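In: For reference, the sequence and a predicted model appear below.
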Amino acid sequence: MVSRNGTEASALPADLPIVQAPMAGGPSTPELAAAVSNAGGLGFLAAGYKTTEAMRADIAATRELTSRPFGMNVFMPSLDDIDPAAIAAYRDLLAPEAARLGVEPGTPGARDDAYDAKIADLVSDPPAVVGFTFGCPAPDVIRALKDRGASVVVTVTSPDEARRASGADALCLQGSEAGGHRGSFANTLDDPLPLRALLRAVREITRQPLIAAGGLATAADVAEVLSLGAAAAQLGTAFLRCPESGASAVHKAALTDPRFTSTAMTRAFSGRPARGLINRFLAEHSGDAPAAYPDVHYVTAPLRRASAAQGDPDGVNLWAGESFRETTETPAAALVESLAPA
């Protein structure tokens, strides 16, 4: 595939410049990835929070549904220098909320998301594209994946991160408008660049194919980022309400609920900046959560599961980008078709 500005985009094996964002925690399913790829885009699975075996099962299931290329995204291990006392204090703060839901706050677990095992598995039999979030893999990992025929995509949020990911086949530029976790290399709450500014800045320093992500929802949005130098547009929130999406019923309903009018960045649910709909939990606890990922994720997991089970959107991480009001229940294939440039 070649972008409209002539940049080679061979790292993106798709007919259309549409990438479905990997969304960890449930929304990304084999059915969604396969539907997007079958429609000519690039579907993505998410390995985050899954076991290595579950990741491999998703790959196998997707291969049963499509012969087209698709990707798998991996979280880089956390490098946070954590303060156990701060995590314990946050856990104690959430105890009354947990009691109301009939659960106990969780306890921190493994911090590497089984990274080494997942990389070994992917190198043995990779999908067409392997993506990375929260950092750039070591050169030997990139080389091993390329040697097996996979293209490597690294998510970046600044020109400096783009320079550090120069060995990747393509870069996913995540602007501040994007929903879900900010894919920055460091766990910081600095002023993130909006997508258009990020795209212009990174285009000046590299000829790598660039995938633009953050607040994109319409064919006009896609056409605009392509005109600014992107090889493809990546959308996540736009696919959340598709029937193939694995997002919870509570999450899907919240995207159209008039009670939720805007989004904000928060560490309240996971300990890392992530954009979601402003609900009660986000509003009340954003100022209290320490910069400790995935430790806070483990602490809040039982509360989030209980809230979802009870149909309460005010206790769930409702990840969403700034364009969340544009979402529809359109099947994924039809959505891809509607987004593709003429």
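Out: Perfect, thanks for sending it.
In: so where's the stretch 151-300 of the chain uncertain?
Out: Within the stretch 151-300 of the chain, no range satisfies pLDDT under 70.
In: Assign Val19 to helix, strand or coil.
Out: Assigned state for Val19: strand (three-state reduction, DSSP: H, G, I helix; E, B strand; the rest coil).
In: What separation do you get for it and Ala138?
Out: In this view, Val19 and Ala138 are 24 Å apart by C-beta to C-beta, to the nearest Å. (Glycine included, C-beta is placed from N, CA and C.)
In: same thing with Leu210?
Out: Counting by C-beta to C-beta, the gap from Leu210 to Ala138 is 22 Å.
In: neighbour count winner among those two?
Out: Neighbours were counted for Leu210 and for Ala138 using other C-beta atoms under 10 Å; Leu210 has more, 27 against 11.
In: Contact partners for that one?
Out: Thr7, Ala170, Leu171, Cys172, Leu173, Leu199, Val202, Arg203, Gly229, Ala230, Ala231 (C-beta atoms under 8 Å, 6 or more residues apart in numbering).
In: please redo it, this time with the cut-off set to 6 Å
Out: Leu171, Leu173, Ala230, Ala231 (C-beta atoms under 6 Å, 6 or more residues apart in numbering).
In: neighbours of Ala220, just the number please.
Out: 10.
In: Identify the residues contacting the host helix or strand of it?
Out: Here Ala220, judged by DSSP states H and E, is contained in helix 219-227. Contacts of helix 219-227 with the rest of the structure, by C-beta under 6 Å, 6+ apart, involve Arg4, Ala212, Ala233, Leu339, Pro341.
In: Using PDB, write out every CA atom in it.
Out: Taking C-alpha atoms only, helix 219-227 is exported to PDB below (Å, rounded to 0.1, in the frame of the first residue of the first chain):
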ATOM      1  CA  ALA A 219     -14.000   9.900   6.200                       C
ATOM      2  CA  ALA A 220     -13.100  13.500   6.300                       C
ATOM      3  CA  ASP A 221     -10.900  12.900   9.300                       C
ATOM      4  CA  VAL A 222      -9.100  10.100   7.400                       C
ATOM      5  CA  ALA A 223      -8.700  12.200   4.300                       C
ATOM      6  CA  GLU A 224      -7.200  15.000   6.300                       C
ATOM      7  CA  VAL A 225      -4.500  13.000   8.100                       C
ATOM      8  CA  LEU A 226      -3.600  11.300   4.800                       C
ATOM      9  CA  SER A 227      -3.200  14.800   3.300                       C
END
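In: After that helix, which helix or strand is next?
Out: With DSSP H and E, the next secondary element past helix 219-227 is strand 232-235.
In: could the contacts of Leu210 go into a markdown table alongside distance to Val250 and neighbour count?
Out: Formatted as a markdown table, the contacts of Leu210 follow (distance: C-beta to C-beta, whole Å; neighbours: other C-beta atoms under 10 Å):
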| residue | distance to Val250 | neighbour count |
| --- | --- | --- |
| Leu171 | 33 | 24 |
| Leu173 | 30 | 31 |
| Ala230 | 33 | 28 |
| Ala231 | 35 | 27 |
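In: show me what contacts Gly109?
Out: Contacts of Gly109 (C-beta under 6 Å, 6+ apart): Tyr298.
In: Quickly note the distance from it to Leu277.
Out: Using C-beta to C-beta, Gly109 is found at 27 Å from Leu277.
In: Glu322 now?
Out: 11 Å.
In: more neighbours, the two?
Out: A direct count of neighbours by other C-beta under 10 Å for Glu322 and Leu277 places Leu277 higher, at 24 against 21.
In: I'd assumed Gln155 was in a helix, is it?
Out: Just to correct that, residue 155 is Thr rather than Gln. No: under three-state DSSP, Thr155 falls outside any helix and is assigned strand.
In: Ser184 is in contact with that one, correct?
Out: No: if you go by C-beta atoms under 6 Å, Thr155 and Ser184 don't touch, sitting 8.5 Å apart.
In: Who has more neighbours out of the two?
Out: A direct count of neighbours by other C-beta under 10 Å for Thr155 and Ser184 places Thr155 higher, at 30 against 21.
In: ok, how many other residues are close to the spatially closest residue to that one that is not a sequence neighbour?
Out: Distance criterion C-beta to C-beta, 6 or more residues apart in numbering; nearest residue to Thr155, sequence neighbours excluded, is Gly183 at 3.6 Å. The burial count assigned to Gly183 is 26, neighbours taken as other C-beta under 10 Å.
In: go on, Arg143?
Out: 13.
In: Give me the buried positions along the strand or helix carrying it.
Out: In the assignment (DSSP H and E), Arg143 maps to helix 139-147. Neighbour counts over helix 139-147 (16 or more other C-beta atoms under 10 Å) mark Val141, Ile142, Ala144, Leu145, Lys146 as buried.
In: what's the burial count for Gly299?
Out: Quick fix: residue 299 is Val, not Gly. Val299, neighbours per other C-beta under 10 Å, totals 26.
In: same question, the one 5 residues further on
Out: The criterion is other C-beta under 10 Å. On that basis, Arg304 has 21 neighbouring residues.
In: Strands of the stretch 101-250 of the chain, start to end?
Out: 129-133, 151-156, 170-174, 180-181, 210-213, 232-235 (DSSP state E, counting those that start in this stretch).
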